[in-house]
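# sequence and predicted model, in that order:
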Amino acid sequence: MVKVVELRGVKKSFSKFQALNGVSFTVNKGEVVGFIGPNGAGKSTTIRTLLGILKRDEGEAKIFNMDVWKDSIEIHKRISYVPGDVSLWGSLTGGEIIDLFMELHGGGDKKKRDYLIKRFELDPKKKAKSYSKGNRQKVGLIAALSVDSDLYIFDEPTSGLDPLMEAVFQDEVEKIKVAGKSILLSSHILSEVERLADRVVIIRKGEIVESGTLDELRHLTRTTITLETEQNVNEIAHIEGVHDFKQIDPRQAIFSIDVDYFNAVLTAATRLGVKKLESIPPSLEDLFMRHYEN
């Protein structure tokens, strides 16, 4: 695996407040990494450190094997970035701003720009000062996606967009993922991360609390089971690892189970005569809330 982004033990404090405390993770070539956490967890501070906007206090932070602080100018030639609140020049039109961003980056694909303007349903002739927050985000997204970058960094990119436009964004991200590009996606929309990300990194209070693929992390939360048996299903409630047991009628129940005790439930269910068994794996939201609630 070629490491495009690499952070090792990164620390950053503002006066007495420790914003980042030993943050470490990687983004590999052709990989989408979902970067999630509650507000104030350190997501934007991490991203601003990667962009060379903030200087870290300790640790290593590299993009394309170059130091994000010392080599930021070279790094920026190969990345696209969209913040959660895009600021624009009010006297320019959306189209003029997109072209300016593309020119600053070093060109871009005008056919793709026109295609994206149509897909995101943006009126490029309007002055930016008349744009809503959602339309400002569209300008940033169109400009970022119209240039050929090796790394795309999105920090709450769909903030202000309606669900239809969120779906358009997700489609376009999947296309650049197929093209072998690397993506760091920070988003509060967990279903978006769950759909797009190869790996997930969860940050809380400036520290990485979980990291891995969704399949690797699912063992940390419980699977929901719907079970119907030929005999009374009540005895399942007394098996170790079974939680939140709700008996619908004598032969049907819904409950959650720790993955390590799945075989015990299957053995007991088989003895009772299984008529229906549905298993729903834990979602990213379940995993996120587990840390958020704690």
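Now that the structure is in, tell me what you want to look at.
# now do the contacts for the most centrally placed residue in the chain.
For the chain, G34 is the residue whose C-alpha lies nearest the centre (CA atoms, centre = their mean; 2.9 Å). Residues in contact with G34 (CB atoms under 8 Å, 6 or more residues apart in numbering) are L185, S186, S187, V193, E194, L196, A197, R199, V200, V201, L284. Heads up, the C-betas are built off the backbone N, CA and C, glycines and all.
# G134: which of these is nearest?
S187 (15.3 Å; CB to CB).
# L51 versus Y152, what's the distance?
12 Å (CB to CB, to the nearest Å).
# what do you get for L161?
Distance, L161 to L51, using CB to CB: 22 Å.
# what do you get for A237?
Using CB to CB, A237 is found at 52 Å from L51.
# who has more neighbours, these two?
Neighbour comparison, A237 and L51: the larger count goes to L51, with 19 against 14 (by other CB atoms under 10 Å).
# hmm, that one is touching S72, no?
Yes - the pair L51 / S72 is scored as a contact, 7.2 Å apart, by CB atoms under 8 Å.
# among the contacts of G34, which ones are in helices?
Those of the contacts of G34 mapping onto helices are V193, E194, L196, L284, per DSSP state H.
# which of the residues you listed sit farthest apart?
It's L196 and L284 that sit farthest apart of the ones in helices among the contacts of G34, by CB to CB, at 10.9 Å.
# quick one: which of the two has more around it?
Remark: of L196 and L284, L284 carries more neighbours, 22 against 19, as counted by other CB under 10 Å.
# for the nearest residue to the more buried one once chain neighbours are set aside, give its distance to V32.
Distances taken as CB to CB, 6 or more residues apart in numbering place E194 nearest to L284, at 4.3 Å, with adjacent residues excluded. As judged by CB to CB, E194 and V32 stand 11 Å apart.
# repeat for S44
Taking CB to CB, one finds S44 at 19 Å from V32.
# neighbour count: those two, which is higher?
Between S44 and V32, counting by other CB under 10 Å, V32 is the more crowded of the two (24 against 19).
# isn't that one up against A197?
Yes - in terms of CB under 8 Å, V32 counts as a neighbour of A197; the distance is 5.0 Å.
# between those two, which contacts overlap?
Common neighbours of V32 and A197 (criterion: CB under 8 Å, 6+ apart): L185.
# picking that back up, shared neighbours of Y152 and L51, anything?
Y81.
# can you pull out the strands in the stretch 51-200 of the chain?
For the stretch 51-200 of the chain, applying DSSP state E, counting those that start in this stretch gives strands covering 58-63, 66-67, 79-82, 151-155, 182-186, 199-204.
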